[in-house]
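> Only the shape, not the letters, is given here:
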(Lines give C-alpha, C1' and ligand atoms only; values in the text may rest on other atoms or scores of the structure.)
Protein backbone atom coordinates (compact mmCIF):
# COMPACT_ATOMS: atom_id res chain seq x y z
CA UNK A 1 0.00 0.00 0.00
CA UNK A 2 3.01 2.31 0.41
CA UNK A 3 3.62 2.54 -3.33
CA UNK A 4 7.28 1.61 -3.08
CA UNK A 5 8.76 -1.85 -3.27
CA UNK A 6 12.30 -3.11 -3.13
CA UNK A 7 13.62 -6.33 -4.58
CA UNK A 8 15.03 -8.65 -3.62
CA UNK A 9 14.31 -8.50 0.12
CA UNK A 10 17.29 -10.66 0.96
CA UNK A 11 20.35 -11.62 -1.03
CA UNK A 12 23.60 -13.45 -0.36
CA UNK A 13 26.33 -13.00 -2.92
CA UNK A 14 30.01 -13.73 -3.30
CA UNK A 15 32.79 -11.20 -3.21
CA UNK A 16 33.58 -9.84 -6.66
CA UNK A 17 30.20 -10.51 -8.22
CA UNK A 18 27.95 -7.76 -9.57
CA UNK A 19 24.67 -7.15 -7.75
CA UNK A 20 21.69 -5.00 -8.72
CA UNK A 21 18.99 -3.90 -6.31
CA UNK A 22 15.74 -2.55 -7.58
CA UNK A 23 13.43 0.12 -6.22
CA UNK A 24 10.03 0.46 -7.84
CA UNK A 25 7.45 3.15 -7.09
CA UNK A 26 3.89 3.67 -8.20
CA UNK A 27 3.56 7.23 -6.85
CA UNK A 28 5.07 9.01 -9.85
CA UNK A 29 7.38 10.88 -7.49
CA UNK A 30 10.29 12.74 -8.97
CA UNK A 31 12.86 12.18 -6.24
CA UNK A 32 14.35 8.82 -5.28
CA UNK A 33 17.16 7.96 -2.87
CA UNK A 34 19.31 5.00 -1.93
CA UNK A 35 20.58 4.75 1.65
CA UNK A 36 22.50 2.08 3.46
CA UNK A 37 21.95 1.30 7.13
CA UNK A 38 24.77 0.05 9.31
CA UNK A 39 25.06 -0.27 13.10
CA UNK A 40 26.56 2.84 14.62
CA UNK A 41 26.20 4.83 11.40
CA UNK A 42 22.48 5.22 11.01
CA UNK A 43 21.49 5.81 7.41
CA UNK A 44 23.98 7.15 4.89
CA UNK A 45 23.09 8.45 1.46
CA UNK A 46 24.59 6.51 -1.46
CA UNK A 47 23.01 8.09 -4.53
CA UNK A 48 19.90 10.00 -5.37
CA UNK A 49 17.86 10.93 -8.40
CA UNK A 50 15.88 14.05 -9.18
CA UNK A 51 14.38 12.80 -12.43
CA UNK A 52 14.76 10.34 -15.27
CA UNK A 53 18.44 10.06 -16.15
CA UNK A 54 19.29 12.69 -13.52
CA UNK A 55 21.31 11.25 -10.66
CA UNK A 56 23.96 12.42 -8.25
CA UNK A 57 26.29 11.03 -5.63
CA UNK A 58 25.72 10.91 -1.91
CA UNK A 59 28.27 10.68 0.87
CA UNK A 60 29.16 6.98 0.41
CA UNK A 61 28.95 6.46 -3.34
CA UNK A 62 32.27 4.68 -3.95
CA UNK A 63 31.69 1.18 -5.35
CA UNK A 64 28.08 1.93 -6.31
CA UNK A 65 26.38 3.11 -9.46
CA UNK A 66 22.75 3.90 -10.19
CA UNK A 67 20.45 4.22 -13.13
CA UNK A 68 17.01 5.67 -13.64
CA UNK A 69 15.67 5.09 -17.14
CA UNK A 70 12.03 5.62 -16.15
CA UNK A 71 10.27 7.43 -13.35
CA UNK A 72 9.18 4.34 -11.48
CA UNK A 73 12.47 2.46 -11.26
CA UNK A 74 15.75 3.34 -9.55
CA UNK A 75 18.44 0.68 -9.73
CA UNK A 76 21.47 0.41 -7.46
CA UNK A 77 24.39 -1.64 -8.76
CA UNK A 78 27.39 -2.92 -6.89
CA UNK A 79 29.83 -3.50 -9.73
CA UNK A 80 32.04 -5.87 -7.76
CA UNK A 81 30.65 -6.62 -4.34
CA UNK A 82 32.92 -6.47 -1.29
CA UNK A 83 32.33 -7.57 2.29
CA UNK A 84 32.20 -3.92 3.38
CA UNK A 85 29.03 -3.58 1.32
CA UNK A 86 27.19 -6.05 3.52
CA UNK A 87 24.37 -3.88 4.78
CA UNK A 88 20.66 -3.16 4.69
CA UNK A 89 19.77 -0.97 1.74
CA UNK A 90 16.77 1.33 1.76
CA UNK A 91 15.15 3.16 -1.07
CA UNK A 92 13.10 6.28 -0.39
CA UNK A 93 10.88 8.49 -2.50
CA UNK A 94 9.35 11.90 -2.07
CA UNK A 95 7.15 14.22 -4.01
CA UNK A 96 7.68 17.90 -4.66
CA UNK A 97 5.13 19.01 -2.10
CA UNK A 98 6.31 17.62 1.24
CA UNK A 99 9.99 18.25 0.65
CA UNK A 100 11.29 16.05 3.42
CA UNK A 101 8.42 13.66 3.88
CA UNK A 102 10.16 10.58 2.65
CA UNK A 103 8.43 7.25 2.07
CA UNK A 104 10.78 4.34 2.58
CA UNK A 105 10.75 0.86 1.16
CA UNK A 106 11.07 -2.16 3.42
CA UNK A 107 14.74 -2.64 2.68
CA UNK A 108 17.05 -5.20 1.09
CA UNK A 109 19.38 -7.15 3.36
CA UNK A 110 22.53 -7.87 1.36
CA UNK A 111 25.26 -10.19 2.61
CA UNK A 112 28.55 -10.42 0.74
CA UNK A 113 30.54 -13.54 1.63
CA UNK B 1 29.62 20.17 8.08
CA UNK B 2 26.07 19.59 9.15
CA UNK B 3 25.53 16.67 11.48
CA UNK B 4 23.13 15.00 13.87
CA UNK B 5 24.07 13.30 17.13
CA UNK B 6 21.74 11.01 19.04
CA UNK B 7 22.09 9.43 22.42
CA UNK B 8 23.54 5.97 22.52
CA UNK B 9 21.16 3.09 22.89
CA UNK B 10 19.63 0.77 23.48
CA UNK B 11 17.09 2.33 25.80
CA UNK B 12 15.11 -0.19 27.83
CA UNK B 13 11.99 0.95 29.67
CA UNK B 14 9.03 -0.59 31.38
CA UNK B 15 5.58 0.03 29.98
CA UNK B 16 4.11 3.41 31.01
CA UNK B 17 7.54 4.89 31.74
CA UNK B 18 8.56 8.33 30.51
CA UNK B 19 10.77 8.43 27.43
CA UNK B 20 13.41 10.92 26.36
CA UNK B 21 15.73 10.36 23.42
CA UNK B 22 18.27 13.13 23.00
CA UNK B 23 19.15 14.65 19.65
CA UNK B 24 21.47 17.58 18.98
CA UNK B 25 22.48 18.99 15.66
CA UNK B 26 25.04 21.17 13.95
CA UNK B 27 23.82 23.17 11.01
CA UNK B 28 23.90 26.52 9.31
CA UNK B 29 20.83 28.57 10.03
CA UNK B 30 17.62 27.06 11.32
CA UNK B 31 16.74 23.97 9.33
CA UNK B 32 13.62 21.88 9.71
CA UNK B 33 14.08 18.91 12.03
CA UNK B 34 12.56 15.46 11.92
CA UNK B 35 12.08 12.26 13.84
CA UNK B 36 11.66 9.03 11.92
CA UNK B 37 10.76 5.64 13.41
CA UNK B 38 11.66 2.18 12.15
CA UNK B 39 9.60 -0.75 13.42
CA UNK B 40 11.16 -4.21 13.24
CA UNK B 41 11.50 -5.48 9.69
CA UNK B 42 10.20 -2.29 8.14
CA UNK B 43 11.46 0.88 6.51
CA UNK B 44 11.52 4.24 8.23
CA UNK B 45 8.39 6.33 8.70
CA UNK B 46 8.14 10.02 9.42
CA UNK B 47 7.03 10.39 13.05
CA UNK B 48 7.01 14.16 13.51
CA UNK B 49 8.67 17.34 12.38
CA UNK B 50 9.26 20.97 13.32
CA UNK B 51 9.96 23.61 10.75
CA UNK B 52 11.16 26.54 12.85
CA UNK B 53 12.59 27.43 16.21
CA UNK B 54 10.30 26.86 19.22
CA UNK B 55 7.94 24.72 17.14
CA UNK B 56 6.67 21.57 18.78
CA UNK B 57 6.09 18.55 16.59
CA UNK B 58 3.74 15.87 17.87
CA UNK B 59 2.28 12.57 16.74
CA UNK B 60 1.07 9.34 18.38
CA UNK B 61 1.78 10.77 21.85
CA UNK B 62 5.36 11.67 20.95
CA UNK B 63 6.56 15.27 21.11
CA UNK B 64 9.73 17.14 20.25
CA UNK B 65 10.47 20.85 20.64
CA UNK B 66 12.88 22.67 18.35
CA UNK B 67 15.25 24.53 20.68
CA UNK B 68 17.69 26.75 18.80
CA UNK B 69 19.47 27.90 21.97
CA UNK B 70 20.66 24.38 22.70
CA UNK B 71 20.49 23.13 19.06
CA UNK B 72 18.41 20.23 20.27
CA UNK B 73 15.29 18.33 19.24
CA UNK B 74 14.74 15.76 21.97
CA UNK B 75 11.98 13.19 21.53
CA UNK B 76 9.64 12.60 24.49
CA UNK B 77 6.65 10.49 25.35
CA UNK B 78 4.86 10.49 28.66
CA UNK B 79 3.88 6.84 28.79
CA UNK B 80 5.46 4.30 26.44
CA UNK B 81 3.83 1.11 25.28
CA UNK B 82 5.32 -2.19 24.15
CA UNK B 83 4.25 -1.27 20.61
CA UNK B 84 6.62 1.73 20.72
CA UNK B 85 9.60 -0.63 20.61
CA UNK B 86 11.50 0.48 17.52
CA UNK B 87 14.55 2.39 16.31
CA UNK B 88 14.21 6.18 16.33
CA UNK B 89 16.19 8.46 14.01
CA UNK B 90 16.66 12.18 14.26
CA UNK B 91 17.26 13.91 10.93
CA UNK B 92 17.89 17.29 9.35
CA UNK B 93 18.25 18.42 5.75
CA UNK B 94 21.53 18.86 3.97
CA UNK B 95 22.20 22.55 3.40
CA UNK B 96 21.20 24.02 0.07
CA UNK B 97 17.57 22.95 -0.11
CA UNK B 98 18.41 19.75 -1.99
CA UNK B 99 15.80 17.57 -0.34
CA UNK B 100 18.44 15.22 1.05
CA UNK B 101 18.35 14.22 4.70
CA UNK B 102 21.15 13.59 7.19
CA UNK B 103 20.20 10.92 9.72
CA UNK B 104 21.55 10.32 13.19
CA UNK B 105 22.82 6.89 14.08
CA UNK B 106 19.51 5.77 15.53
CA UNK B 107 18.43 4.89 19.07
CA UNK B 108 16.86 1.53 19.78
CA UNK B 109 13.99 1.57 22.25
CA UNK B 110 12.81 -1.62 23.91
CA UNK B 111 9.70 -1.46 26.07
CA UNK B 112 9.03 -4.36 28.40
CA UNK B 113 5.57 -5.26 29.69
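The structure has been received and is ready for your questions. Source: prediction; values computed, not measured.

> How about chain A: which residue is closest to chain B?
Chain A approaches chain B most closely through residue A:104 (3.1 Å), counting by CB to the nearest CB. In this view, the C-beta of every residue, glycine as well, is placed from N, C-alpha and C.

> That residue - nearest residue in space that isn't next to it in sequence?
If the residues on either side of it in the chain are set aside, residue A:104 comes closest to residue B:43, at 3.1 Å by CB to CB, 6 or more residues apart in numbering or on different chains.

> residues near that neighbour, how many?
22 (other CB atoms under 10 Å in any protein chain shown).

> Please identify the helix or strand for the closest residue to residue B:72 other than its chain neighbours.
Nearest non-adjacent residue to residue B:72, counting by CB to CB, 6+ apart: residue B:24, 5.0 Å away. In this assignment (DSSP states H and E), residue B:24 forms part of strand B:23-26.

> mind listing what's buried in that strand?
B:23-25 (16 or more other CB atoms under 10 Å in any protein chain shown).

> now swap in stretch A:83-95 and tell me
Those would be A:85-94, for stretch A:83-95 by 16+ other CB under 10 Å.

> For chain B, tell me whether that stretch is touching it.
Yes. Using CB under 8 Å from any CB of the partner chain, stretch A:83-95 comes into contact with chain B via A:90, A:92, A:94.

> Which of those residues fall within strands?
A:90, A:92, A:94 (DSSP state E).

> other SSEs contacting the strand holding residue B:24?
strand B:3-6, strand B:33-38, strand B:86-93 (3 or more CB pairs under 8 Å, 6 or more residues apart in numbering or on different chains; DSSP states H and E).

> one step back: which one of the buried residues of strand B:23-26 is nearest residue A:64?
residue B:25 (26.8 Å; CB to CB).

> Show me what the closest one is bridged to.
Counting by DSSP bridges, residue B:25 is bridged to residue B:4.

> Check it and give its pLDDT.
In the prediction, the pLDDT value recorded for residue B:25 is 93.

> Now do the same contact list for it.
Taking CB atoms under 8 Å, 6 or more residues apart in numbering or on different chains as the criterion, residue B:25 is in contact with B:2-5, B:31, B:33, B:71-73, B:90, B:92.

> just residue A:46 next, same as before
A:34-36, A:58, A:60-61, A:64, A:66, A:76, A:89.

> Could you say which helix or strand holds it?
Going by DSSP H and E, residue A:46 is part of strand A:42-51.

> what comes up buried for that strand?
A:42-49.

> Paired strands for the helix or strand that that strand is followed by, with orientation please.
Reading on from strand A:42-51 to the C-terminus, the next helix or strand found by DSSP H and E is strand A:54-57. Strand A:54-57 pairs in its sheet with strand A:42-51 (antiparallel), by DSSP bridges.

> Distance from the chain centre to the partner strand, please.
7 Å (CA atoms, centre = their mean, to the nearest Å).

> That one versus strand B:86-93: what angle between them?
Counting by axes from the mean of the first three to the mean of the last three CA atoms, to 10 degrees, strand A:42-51 points 50 degrees away from the direction of strand B:86-93.
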